[in-house]
Structure formats: structure tokens, C-alpha cells
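K.L.:
Any chance you could fold what I've pasted below:
(one chain, ligands or ions: 1)
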Amino acid sequence: MRAILDGLLTLMAPRRCPGCDEATRSSGVFCDSCTVLLELTSDPSAVFEYGGPVADAIQRFKYDGRSDLGAALGSLMATGAHPWADKVDAVVPVPLHWRRRRSRGYDQAALLAKPVARSLAVPVVLRGLRRVRNTPSQVDLPHRERQQNIAGAFAPWRLRGVRRVLLVDDVRTTGATLRAASEALRAGGVSEMHTFVLAARVLAQAA
Ligand SMILES: [Zn+2]
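P.N.:
Predicted structure coming up:
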């Protein structure tokens, strides 16, 4: 009976793949066609190489108001978070500026950070950092300008005395954002920090 009911519910509301937005009954987060296209990294600080279905999913998640994808994409990050088990006291997401958070309605890194923190059995400190400047989007900037654009954009806020932090963001391109956020954490008394992103652009793609 229960199985029939579950089957009916699936029929009525099929889950959509975050990569292609097609209905799927795959047991994984992505549909079977997208799953074969996923490129895992050998780098423990990033789950996927940026591109293909992952890039499409991140696009939907960030720019199409699909905050619902945060839990699924965050759960994928959580499965890759084991290198930091017992090595961090808290997970801190890289924050958006409040103006951008207000226009988007949510902060994507915070949604990703929650399942990661849960898997590590540590708290997520949503207000550990504050974005003090609303920087222009990094997307179209060359490497050197990204550094200048983002430098000093963050300040430590309510870190609650945590010393070992896993800093979480959605995408790493040149690493400039994570470096700026790490500097703010250090200024706030964090002595040990690690970074973890859902997807990293490979260096050849990062201009
Ligand atoms: Zn798909």
C-alpha cells in the first residue's frame, strides 16, 4: 500500500533534475543522462569541475530563484565533506551582500552550508562573515581585477569564538573570493581554515 502511494505521489509530482530540468525518477540528485556527464575533481576542496549539468544546476539555483535546489546540491557537497570530519568547529558560508540577498531572496552558500555542517556534526555560523561592500559580479572580470574587486569586501562578524572553520561557497574561479573571506576570518581570530566549494573552474577556464 505504502509503495503504491509513494509511486502515485511520484507520478503526480515527478522530481526534476537540477541539471536539465527534466522529470526524473533517478535515485541520485541528477538524472541518469546528466549523471554520466558529471566531472568529479581530484581536489578535496571542490566536488565537481564547473561545467555541464553542474553549471546548469548552479545557474538555476542562483539566478532562477530555485532555492529548493540548495538542499539537493548541498547534500552532494555533504557526501564529499568527510576530509574535514573532526577538523573544523563550524561551517561558515561566504555571504552575499545584504542588497543582493534581498533581491535574490536567499543566500546560496548558506543553503549549501547547512547539509555540509549537518554531515560534519558542527554548527553552521550564518553570520560569521559580513559582506561590507556590494562588489560588482566577478563573472566578467579578468583575474587581476577580480582580486582588486573583492579585496576587503568581507569583515568578521559574529564568529562566536570559533577557531577552525570550513568556508563554503558555490563556485571557485580564481579563488579570489575565498582568499578575501579567509583574510576576514583570520582577522576575526580564526586560526585554521579550509575551503570547500560545490564546483571549481579548472585553471585553463579561469581567465
Ligand atoms: Zn538531467
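K.L.:
residue contacts, Thr24?
P.N.:
Counting by C-beta atoms under 8 Å, 6 or more residues apart in numbering, Thr24 touches 14-17, 30-32. (Glycine included, C-beta is placed from N, CA and C.)
K.L.:
Find the nearest non-adjacent residue to it, please.
P.N.:
Take Thr24 and drop its neighbours on the chain: the residue closest to it by C-beta to C-beta, 6 or more residues apart in numbering is Cys31, 3.7 Å away.
K.L.:
Which residues does the helix or strand where Pro53 lies contact?
P.N.:
Element membership for Pro53 (DSSP states H and E) is helix 52-63. For helix 52-63, contacts defined as C-beta under 8 Å, 6+ apart pick out 17-21, 30, 34-35, 37-39, 48, 50, 66-67, 69-70, 73, 104, 108, 170-171, 198-199.
K.L.:
Give me the buried entries from these.
P.N.:
Listed as buried from those are 17-20, 30, 34, 38, 48, 50, 66, 69-70, 73, 108, 170-171, 198-199; burial here means 16 or more other C-beta atoms under 10 Å.
K.L.:
Verify the stated contact: Leu159 with Val125.
P.N.:
Yes: counting by C-beta atoms under 8 Å, Leu159 does reach Val125; the two are 6.5 Å apart.
K.L.:
Between the two, which contacts overlap?
P.N.:
Val92.
K.L.:
May I see the ChimeraX selection of the buried members of the contacts of Thr24?
P.N.:
Burial among the contacts of Thr24 is assessed by 16+ other C-beta under 10 Å; the matching ChimeraX selection reads:
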select :16,17,30,31
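K.L.:
is it fair to say Gln147 lies in a helix?
P.N.:
Yes: Gln147 forms part of a helix when assessed by DSSP: H, G, I helix; E, B strand; the rest coil.
K.L.:
For it, give me its contacts.
P.N.:
174, 176, 179.
K.L.:
so what does the helix or strand where Ala113 lies touch, helix or strand wise?
P.N.:
In this assignment (DSSP H and E), Ala113 forms part of helix 108-120. With contacts taken as 3 or more C-beta pairs under 8 Å, 6 or more residues apart in numbering; DSSP states H and E, helix 108-120 sits against helix 69-79, strand 90-93, strand 164-172.
K.L.:
contacting residues around that helix?
P.N.:
For helix 108-120, the external contacting residues (C-beta under 8 Å, 6+ apart) are 61-62, 67, 70-71, 73-75, 77-79, 81-82, 84-85, 88, 90-96, 123-124, 126, 166, 168-170, 196, 198.
K.L.:
Thanks again, I'm all set now.
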